[in-house]
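Chemist: Sequence and predicted structure are below.
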Amino acid sequence: MVESLRELAIRTIVANLDALGDIGYTDPETAFEILKHCNVQQLRDVEDDTFDGGRNINDITHPLWKRHFERDFRREAQALQQPQGNKTSAASNDGDVDWRQVYEAAEQMRQEKLAKSGSMLRAKYSSHNAKREGRQIQVCDFQPPNKRSRTAAGKPATSARDRLMKSMKLTVADMKPASAYNTIQAQAATKRR
């Protein structure tokens, strides 16, 4: 099947949507066929450039903005479609709604929520880090005091027990080097000879 010139032109334009600007006075059907392939930024650029060129294409882009809104903001779109009490919702009266403005307002609200949640997350993270810093082990050069308490003169304080042990050491030191065991061993050795 051979493509018509119109289909070939549309396919070529869709392949190069980033370079698309003012669509001029292209017939609405062809413009819709081209613009339905645009993402949000491309659609915004084409609409602005065409408006600057002297043509308002809101009637062509209206359903495209609605489609982008419903795709990107599902919760908000569902909330708009739900009837609110006795009043009919804005979505049921499509002619009165500028979907580009609705999309941009929802996008702005999303950016504000994202910025707010990001700042809250940064605050929580910094408070958590501050707590963590406070709990870290810190090395210090403090020497613990000696276990023996000292008197004002700088000599160790002595208790009754310490004095008794000291006197026993002196008594043992004054004794002859040979102990009773050594004496018994020496006597046994002399008897064997």
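Modeler: That came in fine, so what should we check first? Only a predicted model underlies this, so the values are computations on that prediction, with no experimental measurement involved.
Chemist: buried set for stretch 24-44?
Modeler: The neighbour-count check on stretch 24-44 (16 or more other Cβ atoms under 10 Å) flags 26, 31-35, 37-38, 40, 43-44 as buried. Glycine gets a C-beta too; all of them are placed from N, C-alpha and C.
Chemist: Please, which helix or strand holds the residue nearest the centre of the chain?
Modeler: Nearest to the mean C-alpha position of the chain, by Cα atoms, centre = their mean, lies Leu121 at 6.7 Å. Secondary structure assigned from DSSP states H and E places Leu121 in helix 99-134.
Chemist: now that helix, how far from the chain's geometric center?
Modeler: 10 Å (Cα atoms, centre = their mean, to the nearest Å).
Chemist: Could you list the buried residues of it?
Modeler: Neighbour-count burial for helix 99-134 [16+ other Cβ under 10 Å]: 99-100, 102-103, 106.
Chemist: any chance of these in a markdown table, plus distance to Gln143 and pLDDT?
Modeler: Supplementary listing: the buried residues of helix 99-134 in a markdown table, determined by distance: Cβ to Cβ, whole Å; pLDDT from 0 to 100:
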| residue | distance to Gln143 | pLDDT |
| --- | --- | --- |
| Trp99 | 76 | 90 |
| Arg100 | 75 | 90 |
| Val102 | 73 | 91 |
| Tyr103 | 71 | 92 |
| Ala106 | 67 | 92 |
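Chemist: Reformat those residues as CSV; add distance to Asp48.
Modeler: What follows is the buried residues of helix 99-134, written out as CSV (distance: Cβ to Cβ, whole Å):
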residue, distance to Asp48
Trp99, 15
Arg100, 10
Val102, 17
Tyr103, 14
Ala106, 19
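Chemist: Pick the one among these closest to Asn56.
Modeler: Nearest to Asn56 among the buried residues of helix 99-134: Arg100, at 11.8 Å, using Cβ to Cβ.
Chemist: Isn't that closest one up against Ile60?
Modeler: No - using Cβ atoms under 8 Å, Arg100 makes no contact with Ile60, being 11.8 Å away.
Chemist: about what we covered before: so which two of the buried residues of stretch 24-44 are the farthest from each other?
Modeler: Largest separation among the buried residues of stretch 24-44 by Cβ to Cβ: Thr26 and Val40, giving 20.4 Å.
Chemist: for this protein, which spans come out with low pLDDT?
Modeler: The model of the chain has pLDDT under 70 over residues 83-95, 145-158, 167-186, 191-193.
Chemist: what about the helices in it?
Modeler: For the chain, helices defined by DSSP state H occupy the ranges 5-15, 28-35, 40-52, 58-72, 74-81, 99-134, 160-174, 180-192.
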